[in-house]
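Chemist: next input, structure requested:
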Amino acid sequence: MKFKKLVLHRFLYAVILYSLLLSCGVSKSIKDIPDVSIYDSSIQKRIKVSDSAFTIENNFLGKNKQGLWELYVEGDPLQIGLLTGSLTQELFKKQEHVFLSKVEELVPSKTKQYLLKKIVAWYNRKMYLHVPSEYKAEIYGLSKYASNDYNHIADNYLRILYLHGAHDIGHALQDLALVGCSSFAAWGEKTIDGDLIIGRNFDFYAGDDFAKDKIIAFVSPTKGHKFMSVTWGGMIGVVSGMNEHGLTVTINAGKSKIPLLAKTPISIVTREILQYASTINEAIAIAKKREVFVSESIFIGSAKDKKAITIEVSPEKFGVYEVSNSNQLICSNHFQSDVYKEDQNNIKQIAESHSLYRYKRMQELLQQEPKVTPKIAVDILRNKEGLDNKQIGYGNEKALNQLLAHHGIVFKPEDRMVWVSSNPYQLGEFVAYNLNDIFNKKHTKTTLSQSELNIEKDPFQFTKAYKDYENYRRLRKDLQKAIDNNEMLDPAFIGTFQKVNPEYWEVYYLIGKYYYEKQYYTAALQAFEKAKNKEVTAVPDKREIDSYIKKLKRKLKK
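Modeler: Numbers count the residues shown, from 1 in each chain. Below you'll find the predicted structure:
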């Protein structure tokens with residue numbers, strides 16, 4: 001079931017990440033240190049303007065009033081890496097600590113670490129062959145500002161290089177993860193002015209701390225196109241972004257096998273597309289030449305082409321999907337091109353996951369809005385109900401807004417406009433940015449946003465329902481701890497837990513599990529039957545509930 005999967009996902013994610021990092025020790029023999037002699041390695045010292053503002057000549061980092069960090073850097077690959085590292089060094093070190101301290105917490109056994117190291121060391125043995133040299137140079141510059149607290153795992157450069165594969169591994173484990181990104185595009189008669197509008201939720205969950213310090217990076221490289229992306233400390237890859245030509249890139253996980261060999265991290269592929277493509281055909285050509293090690297839909301929007309398509313990549317296949325006789329495109333977590341119609345992984349994903357449900361929900365909401373605007377796109381991303389507006393419980397992965405997103409984002413490529421959500425989740429204000437103004441330097445170093453175009457906060461965050469949901473998340477941890485440690489809870493706890501999220505199936509599953517462990521079989525059966533009658537997330541979850549119900553009925557007959 002979902003909670004069990006979340007715990008297991010975090011464990012496996014940490015295990016593989018730690019093993020991945022330990023394998024850097026093996027990889028050291030490769031001596032993959034990029035040649036940066038062709039680049040200018042000199043940058044000025046960082047000037048601290050305030051606790052939340054820093055500058056280096058034309059480059060700067062500042063925190064806006066919505067809590068988003070805004071970064072502007074320019075130069076060659078090494079300079080961009082050095083400047084980014086210097087300006088964001090506190091955020092960089094904090095983010096790495098968030099990842100690696102969790103790893104140490106979840107995998108404390110040195111014996112297990114050693115055994116896993118031997119198995120997973122193979123993951124990254126050839127990644128260095130699949131990352132373009134300019135990005136290795138950028139990572140090298142960035143790594144100069146990495147924390148020295150983890151040198152026992154690997155030297156800074158190799159450690160940061162291999163961390164770029166962690167996202168792919170997390171997606172490969174999506175059966176065990178809270179990964180359910182949703183994307184859509186509308187253009188022509190589907191939008192109020194005919195221009196392309198794209199919306200997406202990035203629902204990659206790696207803990208609450210992971211999402212606290214989002215960086216909106218604006219990069220002006222000496223080679224290629226200027227671009228923006230939503231990122232975090234230590235990450236040069238792209239998960240959501242747009243370049244100066246109005247080409248946008250976002251990624252949605254597909255069904256993957258656990259990889260045995262790391263190749264090009266998907267975020268590096270999308271970074272290359274953003275930096276070097278201005279049309280859909282150019283984006284396809286770049287994606288085709290890179291070998292990846294997970295399955296992913298790359299959602300491409302193009303101001304020049306005035307439409308959107310998806311590039312569907314996997315280790316064995318390559319497909320392109322575009323709509324015909326329609327001016328809207330929807331993408332969740334399954335593939336749609338002919339190449340994958342007989343693919344067994346994809347067929348299973350459609351049949352058993354929550355991907356198709358969210359796809360249908362996006363269809364439903366777009367049908368209700370004949371003319372999409374940026375505000376309407378944000379409303380769709382924030383939607384918390386199921387099909388036919390059914391109440392399915394807060395946090396349900398079948399909802400577009402699962403109340404766990406790292407960020408939501410809306411693009412209007414022809415105007416070079418982008419709106420990025422602020423915390424919490426995608427409920428905070430969507431902050432507006434105009435790429436033309438930023439890259440033409442029609443801005444100040446105090447702010448890059450166009451606040452008059454911001455989209456207001458979701459009033460849901462000020463409701464009792466939202467407070468109850470946050471309380472639910474805290475109580476869920478307490479209940480899971482009691483289940484794991486066979487602890488007894490106050491009977492009033494169960495009633496409170498049920499009241500804070502009454503429509504969510506997971507509530508009754510956890511209550512059933514607690515009663516089952518306490519051998520209160522009648523109460524457990526009642527709870528599992530309630531869970532079954534709610535909107536259960538996926539087929540494996542339903543199977544597990546049915547399994548408990550069968551076991552309990554047998555026990556009660558004795």
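Chemist: and the gap between residue 523 and residue 500?
Modeler: Separation of residue 523 from residue 500 (Cβ to Cβ, to the nearest Å): 19 Å. To be clear about C-beta, it is placed using only N, CA and C from the backbone, and glycine gets the same treatment.
Chemist: between those two, who's got more neighbours?
Modeler: Each of residue 523 and residue 500 has its neighbours counted (other Cβ atoms under 10 Å); residue 500 has more, 21 against 17.
Chemist: which residues touch that one?
Modeler: Counting by Cβ atoms under 8 Å, 6 or more residues apart in numbering, residue 500 touches 468, 469, 471, 472, 475.
Chemist: closest to residue 299 out of the residues you listed?
Modeler: residue 469 (28.4 Å; Cβ to Cβ).
Chemist: what's the closest non-adjacent residue to that closest one?
Modeler: Leaving aside its sequence neighbours, residue 469 sits nearest to residue 394 (Cβ to Cβ, 6 or more residues apart in numbering; 4.3 Å).
Chemist: my understanding was that that neighbour contacts residue 385; is that so?
Modeler: No: between residue 394 and residue 385 there is no contact under Cβ atoms under 8 Å: 10.1 Å.
Chemist: ok, these two, which is more surrounded?
Modeler: residue 394 (22 against 18).
Chemist: low-confidence ranges in the protein?
Modeler: 1-31, 100-125, 152-153, 166-167, 169-180, 206, 256-261, 443-446 (pLDDT under 70).
Chemist: go again with 50.
Modeler: 1-30, 116-120, 174-178 (pLDDT under 50).
Chemist: in it, which residue is closest to the centre?
Modeler: The chain has residue 204 as the residue nearest its centroid, 2.9 Å off, counting by Cα atoms, centre = their mean.
Chemist: give me the distance between that residue and residue 229.
Modeler: Residue 204 is 14 Å from residue 229, by Cβ to Cβ.
Chemist: equivalent analysis for residue 291, please.
Modeler: Taking Cβ to Cβ, one finds residue 291 at 23 Å from residue 229.
Chemist: what do you get for residue 329?
Modeler: Distance of residue 329 to residue 229, computed by Cβ to Cβ: 21 Å.
Chemist: quick check on residue 215: phi, psi?
Modeler: phi -110, psi 130 (degrees, to the nearest 10).
Chemist: neighbours around it, how many?
Modeler: When neighbours are counted by other Cβ under 10 Å, residue 215 comes out with 23.
Chemist: state the phi and psi torsions of the nearest residue to it once chain neighbours are set aside.
Modeler: The spatially closest residue to residue 215, leaving aside those adjacent along the chain, is residue 69, at 4.6 Å (Cβ to Cβ, 6+ apart). For residue 69, the backbone dihedrals are phi -90, psi 130 (criterion: degrees, to the nearest 10).
Chemist: what's the answer for residue 36, then?
Modeler: Residue 36 adopts backbone torsions of phi -110, psi 10, taken as degrees, to the nearest 10.
Chemist: thinking again about what came up before, so which of the contacts of residue 500 wins on neighbours?
Modeler: So for the contacts of residue 500 (other Cβ under 10 Å), the most neighbours sit at residue 472, 24 neighbours.
Chemist: mind checking the SS state of it?
Modeler: Residue 472 falls in the helix class when you classify it by DSSP: H, G, I helix; E, B strand; the rest coil.
Chemist: confirm for me that residue 68 is in contact with residue 419.
Modeler: No: between residue 68 and residue 419 there is no contact under Cβ under 8 Å: 11.3 Å.
Chemist: thanks a lot, catch you later.
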